[in-house]
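Q: just coords:
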């Protein structure tokens, strides 16, 4: 397998895994009324970065930005691809030839570092959502979301392995 094939596999599997995560969030919202993350907030944060706005008192009080929803969704999927590329870099890109569930679950679990240590503090929500009204609820939701991403990596990898020679 060459680097181009691995990169294409990572992009397709990352997009598939992120879509799986979004489907899981939609099911939670539909059946259990559990709200999902508003990706416009991610876009608002990303758009503010070039202006030096890394931390917010609370991003909910920051003014909306043009195209924030589009930017947020684009980065959401890009970050999913990034984590699959990281998994390939550490575990081996040949994983997709014979997928197993272990590496994707580890990747999904480790991807929790992004919201807990970067996004939530930058949004003004504190380390691991410590400044939110219900930190353990937020943490549990993040855990389920990121583990569903891990399962999504596995499912997308299985599909990719069946479709590609």
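A: Perfect, thanks for sending it. Note that the coordinates shown come from a computational prediction; the quantities given were computed from them, not determined experimentally. Residues are numbered from 1 along each chain as shown.
Q: now do residue 43, the pLDDT please.
A: We have a pLDDT of 97 for residue 43.
Q: where along the chain do the strands fall?
A: For the chain, no strands are identified by DSSP state E.
Q: so where's this protein uncertain?
A: Applying pLDDT under 70 to the chain flags the ranges 1, 165.
Q: find the residue at the geometric middle of it.
A: Geometric centre of the chain, nearest residue: residue 80, 4.9 Å, by C-alpha atoms, centre = their mean.
Q: close enough to count as contact, that residue and residue 20?
A: No. Using C-beta atoms under 8 Å, residue 80 makes no contact with residue 20, being 9.4 Å away. Every C-beta, even on glycine, is put in place using the N, C-alpha and C of the backbone.
Q: between those two, which contacts overlap?
A: The contact sets of residue 80 and residue 20 overlap at residue 149 (C-beta atoms under 8 Å, 6 or more residues apart in numbering).
Q: between the two ends of stretch 101-116, how far is it?
A: Stretch 101-116 stretches 23 Å from its first residue to its last (C-alpha to C-alpha, to the nearest Å).
Q: and it, which residues are buried?
A: For stretch 101-116, burial by neighbour count (16 or more other C-beta atoms under 10 Å) applies to 103, 104, 105, 107, 108, 111, 112, 115, 116.
Q: shouldn't the last one be in contact with residue 142?
A: Yes. At 6.9 Å, residue 116 and residue 142 qualify as touching, with contact defined as C-beta under 8 Å.
Q: overlap of the contact sets of the two?
A: residue 129.
Q: can you show me the helices along this structure?
A: All helices of the chain, identified by DSSP state H, fall at 3-32, 39-48, 68-91, 102-110, 113, 120-123, 135-163.
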